[in-house]
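> Sequence and predicted structure below; questions after.
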Amino acid sequence: MNTDILTIAIDGPAASGKGTISRAIAAKFGLRHLDTGLLYRAVAACCARAKADPSDPEAAARIAQTLSPEDLNRADLRSAQTGRMASVVAAHPPVRAALLRWQRDFAVGAPGAVLDGRDIGTVVLPDARAKLFVTAEADVRAARRWRELSLKSDIAYRDVLRDIHERDERDAGRANAPMRRAENAATLDTTEMSIERAVDEAIRLIEAQV
Ligand code: DC
C-alpha cells in the first residue's frame, strides 16, 4: 500500500461511539470516511425489498454483489430492524467477500480514509497506519441507542438492550471475520465519557500512532 495514504481503522460494537468518533477523526486528519456497517445494512434492506431471506447466504450474496452506491442512501438503513438483519447477512462469508473489495478500494484513494466497522483492523485493513477499538458497557450503549431510536419510533429500552446483546454475540461469535480488537489496536472505553471527551481521547490515541 502507498505509504503516503493514511488509513485509519476504527472497530467496535454497536453504539460504542465509533461512528461519531470516526467522522471527527476523518475531519481532523482531512480524510474520507466510510461507515462499513452501512454496506451490511444496505444488503439487509435490499434483501427485505426483494423479499429474499437474509439467512440464506446465496440470496444475500447475490444482493451484495450487485449493491450500488445509491443503495447506501436509502432512508430505512438506520432502523433497529435493519441493524438486526445486517448482523445476520454479515455472518455469511460470500457476503463479506463481496463487500471486501468495495471497502479496500475506498481506503486506497488519496489522501486516505477512516473506515469504521467490526473487522477493519483485523481483516479489511490489517496494515492500517492507526487502529482503534472503541467499546463501552452494553447497558450504556443500549441507553445511547435507545435515546436515538426513541426520537423516531416507540421502542422500549429493554428491547434495545436485548438487541445489543444479541448483536454483540452474533458479531463476535461468527466464524468469519468476527468482531475483535486487532492486536496492535489502541482501546478506548467510552462507558464513562461524554462524546466530546471520547473524541479528544480518540484523537490523542490516533496521533500517537501516525
Ligand atoms: O455498525 P452498524 O451497527 O451499522 O453495523 C450493522 C451490522 O453490520 C453489525 O451488527 C455487524 C455488521 N458489520 C460487520 O459485520 N462488519 C463491519 N465491518 C461492519 C458492520
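Here it is on my side, so go on. Residues are numbered from 1 along each chain as shown.

> where in the chain is pLDDT low?
Across the chain, the ranges flagged by pLDDT under 70 are 1-3.

> For it, what lies in contact range of the ligand?
14, 36-37, 40-41, 83, 86-87, 90, 117-120, 167, 171 (C-beta under 6 Å from any ligand atom). Backbone N, C-alpha and C define where each C-beta goes, glycine included.

> Report how many residues lie close to residue 105.
Residue 105 sits with 9 neighbouring residues when counted by other C-beta atoms under 10 Å.

> do the same with residue 97
14.

> Same question for residue 42.
Around residue 42 there are 26 residues (other C-beta under 10 Å).

> Just the element for it, please.
Assigned by DSSP states H and E, residue 42 falls within helix 37-49.

> Same check on residue 83?
helix 80-89.

> before we move on, back to that, for ChimeraX, what selects the buried ones among the residues of the chain next to the ligand?
Those of those that count as buried under 16 or more other C-beta atoms under 10 Å are selected in ChimeraX with:
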select :14,36,37,40,41,83,86,87,90,117,118,119,120,167,171
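
> Leaving out chain neighbours, which residue sits closest to the most centrally placed residue in the chain?
Geometric centre of the chain, nearest residue: residue 117, 2.6 Å, by C-alpha atoms, centre = their mean. Distances taken as C-beta to C-beta, 6 or more residues apart in numbering place residue 36 nearest to residue 117, at 3.6 Å, with adjacent residues excluded.

> residue ranges of the strands in the protein, please?
Here the chain has its strands, by DSSP state E, at 6-11, 32-35, 112-117, 130-135, 186-189.

> Contacts for the second one next, please.
Put plainly, it is strand 32-35. Residues outside strand 32-35 that contact it (C-beta atoms under 8 Å, 6 or more residues apart in numbering) are 19, 22-23, 26, 103, 106-107, 109, 112-117.

> From these, keep the buried residues only.
Of the contacts of strand 32-35, these count as buried by 16+ other C-beta under 10 Å: 19, 22, 26, 103, 106-107, 112-117.

> just the residues you listed now: which is nearest the ligand?
Lowest distance from the ligand to the buried ones among the contacts of strand 32-35 (C-beta to the nearest ligand atom) belongs to residue 117, with 2.3 Å.

> is the closest one in a bridge, and if so with what?
Counting by DSSP bridges, residue 117 is bridged to residue 11.

> which residues touch it?
10-11, 35-37, 103, 124.

> before we move on, what about residue 62?
If you count contacts by C-beta under 8 Å, 6+ apart, then residue 62 has residue 52 around it.

> redo that, cut-off 10 Å
43, 46-47, 50, 52, 56, 94-95, 98 (C-beta atoms under 10 Å, 6 or more residues apart in numbering).

> Residue 158 too?
142, 146.

> how near is it to residue 49?
As judged by C-beta to C-beta, to the nearest Å, residue 158 and residue 49 stand 29 Å apart.

> quick one, helices of the chain?
For the chain, the helices defined by DSSP state H occupy 18-29, 37-49, 57-65, 80-89, 93-108, 138-149, 157-173, 195-207.
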